[in-house]
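Undergrad: Okay, here's the prediction I keep looking at, along with the sequence it came from:
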Amino acid sequence: MSDHGCIHLNNFKAAKGIQPYKVIHSYFVTSTSTEARVRKAVSCLCHTCKTYKDRLHSCLHCIFFGCYSKGHIQEHAKTKKHFLAVDLCYGNILCFQCGDYVYDRELTAVAKSQWSQSARSLSLGEFYRAWEPTQVEADLLRKNPRRRRIVENSTIGLRGLINLGSTCFMNCIVQALIHTPLLRDYFLADRHHCPQPSRCLVCEVSHLFQEFYSGNKAPLTLHKLLHLIWTHARHLAGYEQQDAHEFFIATLDVLHRHCEAAPILVKDNPHHCNCIIDQIFTGGLQSDVVCQACNGVSTTIDPFWDISLDLGPTAGASGPDSSGPPTSLLDCLERFTRAEHLGSSAKIKCSNCQTYQESTKQLTMKQLPIVASFHLKRFEHSSIQDKKISTFIAFPEQLDMTPFMSHKRNGNNNTTIDSFPKNGEDTAFGDNRYSLFAVINHEGSLETGHYTAFIRQQRDQWFKCDDHLITRAKLKDVLTSEGYLLFYHKQILEYGKNSKV
Amino acid sequence: MSGIDERVDELNKKFLEFVSKPENVDAASKEIYEDLLDEVMMGFVFDVHRTVKTGSSDVEEGIPDDESYAIVDLPGLDVFGQQAIKKSQDCACPNCDRGVAACRFATHLEKCMGMGRNSSRIASRRIANSSKDLSTLSGVLSDDDDDVDWSLTNDKRKRRKDRNGLKKSKQSKSVHRNGDTGSAGGENNHTSNENSPSNYENMSVEDKRALLTQICGVVSEHTKKLCTRSMRCPQHTDDQRKDMRANLEATNNGHSNQDNLHVDVDTYEEGDGQNLRDALARWDLEVSSHSSPADSASTTSTSSSSRKRDSKSKGKGKGSKRDRGSPISQGD
């Protein structure tokens, strides 16, 4: 390891300290304040050729900016014998005597803190920085030199799960969670730091990720996970409740609660949780109730973790196109976001005209989650009978949610479709494309059934997870399966304001 | 600062002038795009340069794992190239520290934690336990009582591997606890066999009926004991079970005749015998409530006492356990 710069830089530091670097860095590299940004804008030009680009460097010894591409900083170094220069893009130090960029631990630390300061002054989260091992991590890596690489056609990341006695509902949900790309990134990046590891479900999930990526080929037993979930979600009432959907929601809830228990570093809004579960799974559902008398709109936005979609024929829906049962996911979503007449028996007091009136209600997507989970309501429970709806519902590999967004779908209020959204939060220009990464199927009837999952690994490889048995599957198998829970992952992630350290 | 402000104004003016000409905009955006791209690439180059120069790339690189993780795609094998056979596996229950067969863990845990639809019954049973005596019968057969037992002896049982040995040592204690129910009571220490036909004979008709709703009940010729497996035990046929029960009813009607008790003479199979022998040996040793869900097939589907009968008829397999409220899965 050599992050101690070079003899020339060390001599310079001994003579003049780190202040020159710090000043140059805070003004002309990171620009930690508005004033600094202005100064950078007006004065960062090559003193020789006046260019603002071509790899500008600043002399560390005197006030001089010169470009590298046309050799002006080299020229300066040679004539003035000022052999150290700072690259103004990234803040790295070029030593002309060594003929190379050199890295000094002390100056790197200065640079890091100034990048953070700069991000803060722009009200941003943290700028991206490539991972580097700390001293401790580097030692560990050196002690354990074997590296397991996830190459194409590798089983790393796959693991069978033992059935603990009708626990396929749990196994399927775990497979779906483990193969959620962003959740995987979070856990494999070791982001969860916990005050209470022994009782924490998040820690257990973190441990599961380690197991899935350990290279061990023997199926896993999720007895600890089951115990933790039952301990923390008593309403699941044990083993009798075997609905994968219910288990999924309960699991998210417990994870969310345990995340909250861990200290949260950035919390802009105390009412809005910023835990990884909320970051990935929470969306905002807008409900607009429109008074039929005065057209007054009452809008509420509620968080959601999943969208439950009806599969039966619509009753009492407005519009001429409400006919038979849906045949595709898009159908379902179209119906879900359709304005629904609440009828004369359900009059609501309009906050606008203060009278009880008939109204319409429409649900739309205000904010999309990173993982969109759809629950096809295949199990119908009524006083007359319970039945399973096994009709085929087509669902796509790629899904664009734009048509179901509040600004698109909702003509009643707010902006019209063509108007330019003033609010940056409105994702009118966002990319709302999703791709399918997990499907949970319920095979069999209401009474006797079995859950299996299809999961996607490494972009386009599909596998069928049937408890301990993992086999390769084709996309066609996935798309022609019945589908009970469908999991889609956002294709393009936007930088959030709240991105954490 | 005023110099700077002027300079900013000047730059702004120049910029607006420049972009007001449409022909400039295209060229400028192209140039800016290329500058940005150059900058981003420089960043990547610096990252690589730094890791090489500081030596962290060697550390990160390491040496590749020798083992092959290639996916196997052959019929009859999973992606790991393994035969798709379920191996029986044990796991330690996080609640009571006992070893439990993995495939029965959920059932165990539900009871161990006192959850599910059984929980209220378990609770009331616990109350009953503390206040009045438990019939030997339910002591023998109840899973729930099993749990009671664990909760009482939990700590002592922790990390003890040899359950049988342990149970021996526990014997007197549990007898004392369950103790006294007429037929068993003090005698238990000596005779220790309420599953034997003689003991069975001592039971009331009601108890016998209750017992026979839970277990196979056919008497083995070899051991002269009741078969304590489930109603679906493969050792005996439905006809044998029917005969057994018909006998009981006949007895009840005043035609008691011990000799009519059907004795199973021919279905005991040697190959299958070890489990049964083990199980029966344990019954003998334990006297009462020490059936272990971990290793006794008979308790899989035997339920507890007659109190349970109304809500859940046992031995009918999983189907009867299902909750009608939710979509159900059975991971068989």
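TA: It's in.

Undergrad: can you list the domain ranges for chain A.
TA: With domains defined by automatic domain parsing, chain A comprises A:7-122, A:168-258.

Undergrad: for chain B, same thing?
TA: Split by automatic domain parsing, chain B gives B:1-36, B:203-254, B:262-332.

Undergrad: just to revisit the earlier point, among the domains of chain A, show the one with the smallest mean pLDDT.
TA: Note on these: lowest mean pLDDT is at domain A:168-258, with a mean of 88.

Undergrad: Now mean neighbour count and distance to chain B too, for the domains of chain A, in TSV please.
TA: (Glycine included, C-beta is placed from N, CA and C.) Below are those laid out as TSV (neighbours: other Cβ atoms under 10 Å in any protein chain shown; distance: least, Cβ to the nearest Cβ, whole Å):
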stretch	mean neighbour count	distance to chain B
domain A:7-122	18	4
domain A:168-258	20	3
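
Undergrad: okay if I get the ones you listed as TSV plus distance to residue A:136?
TA: Listed next are the domains of chain A as TSV, based on distance: least, Cβ to Cβ, whole Å:
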stretch	distance to residue A:136
domain A:7-122	15
domain A:168-258	12
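
Undergrad: With the flanking residues excluded, which residue is spatially nearest to the residue most central in space within chain A?
TA: By Cα atoms, centre = their mean, chain A has its centre lying nearest to residue A:280, at 4.5 Å. Of all residues not flanking residue A:280 in the chain, residue A:370 sits nearest, at 4.8 Å (Cβ to Cβ, 6 or more residues apart in numbering or on different chains).

Undergrad: Just confirm that neighbour contacts residue A:494, I think it does.
TA: No - counting by Cβ atoms under 8 Å, residue A:370 does not reach residue A:494; the two are 9.7 Å apart.

Undergrad: And the pLDDT at residue B:291?
TA: pLDDT, residue B:291: 31.

Undergrad: same deal with residue A:425?
TA: 44.

Undergrad: Of residue A:370 and residue A:494, which one has the most company?
TA: Legend: neighbour count by other Cβ atoms under 10 Å in any protein chain shown for residue A:370 and residue A:494, higher for residue A:370 (20 against 10).

Undergrad: that older thread, weakest of the domains of chain B in terms of mean pLDDT?
TA: Across the domains of chain B, the lowest-scoring stretch is domain B:262-332, with a mean of 38.

Undergrad: residues touching the residue nearest to residue A:280, list them.
TA: Residue A:370 is in contact with A:182, A:279, A:280, A:281, A:489, A:490, A:493, counting by Cβ atoms under 8 Å, 6 or more residues apart in numbering or on different chains.

Undergrad: So for the host helix or strand of the third one, what gets flagged as buried?
TA: In the assignment (DSSP states H and E), residue A:280 maps to helix A:276-281. Neighbour-count burial for helix A:276-281, counted by 16 or more other Cβ atoms under 10 Å in any protein chain shown, picks out A:276, A:277, A:278, A:279, A:280, A:281.

Undergrad: gap between the first one and residue A:220?
TA: Remark: distance between residue A:276 and residue A:220 (Cβ to Cβ, to the nearest Å) = 22 Å.

Undergrad: got it, and the last one?
TA: Separation of residue A:281 from residue A:220 (Cβ to Cβ) stands at 23 Å.

Undergrad: Also the fifth one?
TA: Using Cβ to Cβ, one gets 23 Å for the distance from residue A:280 to residue A:220.

Undergrad: measure the one residue in the stretch 401-501 of chain A that gets nearest to chain B to residue A:484 for me?
TA: Residue nearest to chain B within the stretch 401-501 of chain A (Cβ to the nearest Cβ): residue A:451, separated by 4.5 Å. Going from residue A:451 to residue A:484 by Cβ to Cβ gives 8 Å.

Undergrad: Could you check which of the two is surrounded by more residues?
TA: residue A:451 (32 against 28).

Undergrad: Look up the residues forming beta bridges with that one.
TA: Beta bridges link residue A:451 to residue A:442, judged by DSSP bridges.

Undergrad: No further questions, thank you.
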